[in-house]
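Colleague: need a structure here:
(one chain, ligands or ions: 2)
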Amino acid sequence: MTYSVILAFAPLTRIGTVMQVFVKMLPVGMLLTNCYVVGQVETREAILIDPGTNRETEAKKILREIESNGFKIRYIVLTHGHPDHTGGNKIFEETTGAPILIHEYDAPMLKGPFADRTLNDGDSVQVGGIVLRVLHTPGHSRGSISLVGNDLVFTGDTLFAGSIGRYDLSGGSLEEIKSSLKKLMMLPDRMKVYPGHGPTSTIGEEKRSNPFLQNFSWV
Ligand SMILES: [Zn+2]
Ligand SMILES: [Zn+2]
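Modeller: Residues are numbered from 1 along each chain as shown. Ligands and ions are numbered 1, 2, ... in the order given. Prediction:
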């Protein structure tokens, strides 16, 4: 099945057999981490990606977004184990009752609540007709993943618009992030990129203008 990404709050219309996907970006915390609500419009089921805030006011903002759109969160998926992406685990596990999913290599980084299910390359997370495939993209951390849908990809802290994630932190690796970025560059140009920080982009735009992807000779 194909699906299109719609703008949050856009009028909902069904066109042919195209499934509508709701994607809302909510920057949270001191590092302005992008938390995402990804929902299927018809079934009102959703995935919460990187709930990186334990501040009550920000958590409430996210919960309002979920509730006002009538979504039921089925999964909390973490692109990696850093606190700016996982800080809201407790609040959101308690309020939504959804299980926490993270790559097995980053699962030990969680201080509790712990992972309910660990992910590996090739796994998928599905709500209704939305299928996000797990692409293991280590280098920023050992268990960093990207989540690949039909025409969108959530890249966590591996790839940003015009930049890439740090590879000098614990568990990071220059060689690994290079090969992860090469994997991402094999995705279709039209694919929309939803990074862990900063604005969205597309794979094609990053191939054209991201200085780290022009050649892999940096460092
Ligand atoms: Zn990170
Ligand atoms: Zn981050």
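Colleague: Please count neighbours and contacts with C-alpha atoms only from this point.
Modeller: Will do.
Colleague: what sits against residue 32?
Modeller: 197-198 (C-alpha atoms under 8 Å, 6 or more residues apart in numbering).
Colleague: what separates it from residue 97, distance-wise?
Modeller: As defined by C-alpha to C-alpha, to the nearest Å, residue 32 lies at a distance of 25 Å from residue 97.
Colleague: same deal with residue 41?
Modeller: Residue 41 sits 20 Å away from residue 97, going by C-alpha to C-alpha.
Colleague: now swap in residue 52 and tell me
Modeller: Separation of residue 52 from residue 97 (C-alpha to C-alpha): 17 Å.
Colleague: quick one, which of these two is more surrounded?
Modeller: residue 52 (28 against 14; other C-alpha atoms under 10 Å).
Colleague: What helix or strand is the more buried one located in?
Modeller: Assigned by DSSP states H and E, residue 52 belongs to no helix or strand.
Colleague: Can you pull the phi/psi pair for it?
Modeller: Torsion angles at residue 52 (phi, psi; degrees, to the nearest 10) stand at phi -90, psi 20.
Colleague: wait, what's in contact with it?
Modeller: Residue 52 sits in contact with 28-29, 33-35, 83-89, where contact means C-alpha under 8 Å, 6+ apart.
Colleague: Mark which of those residues are buried, thanks.
Modeller: For those, a burial check counting by 16 or more other C-alpha atoms under 10 Å picks out 28-29, 33-35, 83-89.
Colleague: Grab the most central residue of this structure for me.
Modeller: What sits nearest the mean C-alpha location of the chain, by C-alpha atoms, centre = their mean, is residue 154, with 3.9 Å.
Colleague: can I assume that residue is in contact with residue 197?
Modeller: No. Under the criterion of C-alpha atoms under 8 Å, residue 154 makes no contact with residue 197, lying 10.6 Å away.
Colleague: now what about the helix or strand residue 57 falls within, what contacts it?
Modeller: For residue 57, the host element (DSSP H and E) is helix 56-68. For helix 56-68, the external contacting residues (C-alpha under 8 Å, 6+ apart) are 26, 28-29, 37, 53, 72-73, 88, 91-92.
Colleague: Now with 7 Å, please.
Modeller: The contact list for helix 56-68, computed with C-alpha atoms under 7 Å, 6 or more residues apart in numbering, reads 28, 53.
Colleague: just stretch 135-144 next, same as before
Modeller: For stretch 135-144, the external contacting residues (C-alpha under 7 Å, 6+ apart) are 79-80, 103-106, 120-122, 145-147, 157-158, 165-167, 171-174, 176-177, 180.
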